[in-house]
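J.: Output the structure for:
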Amino acid sequence: LRVHFKHCREIAHHIKGLEVAKADKFMQDVLDMKSIVPFTKYTGGIGRKAMAKQHNAPGSKGRWPVKATAVVKDLISYA
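T.: Down below sits the predicted model:
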């Protein structure tokens, strides 16, 4: 798959333990730029975003990795 593994790791870390419907809604919100993926491990060079405070991200760091989110969303829809 042609996506960044670091982005996929952060998405998977955030949706781990969520119900499928909630995870699907979260990923759709990320695609629509209504929610943000908090980055917790790979934070080098990640800018701070005010929206990341909603998820208590360390240092308010987060991004909207659209391509990786679409791939993970497809994988979850087939699970």
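J.: Tell me, how many residues neighbour residue 69?
T.: Close neighbours of residue 69, defined as other Cβ atoms under 10 Å, add up to 23. Any C-beta I mention is one placed from the backbone N, CA and C, and that applies to glycine too.
J.: and what of the one 5 residues further on?
T.: For residue 74, the tally of surrounding residues (other Cβ under 10 Å) stands at 11.
J.: Now name the helix or strand holding it.
T.: Using DSSP states H and E, residue 74 sits in helix 66-77.
J.: mind listing what residue 40 touches?
T.: Contact analysis of residue 40 by Cβ atoms under 8 Å, 6 or more residues apart in numbering lists 10, 13, 57, 58.
J.: Tell me how many other residues crowd residue 60.
T.: 18.
J.: My guess is it contacts residue 47. True?
T.: No. Assessed by Cβ atoms under 8 Å, residue 60 is found out of contact with residue 47, at 9.4 Å.
J.: Residue 12 and residue 69: what is the separation?
T.: Here residue 12 is placed at a distance of 11 Å from residue 69 (Cβ to Cβ, to the nearest Å).
J.: And residue 51, by the same measure?
T.: Residue 51 is 15 Å from residue 69, where distance means Cβ to Cβ.
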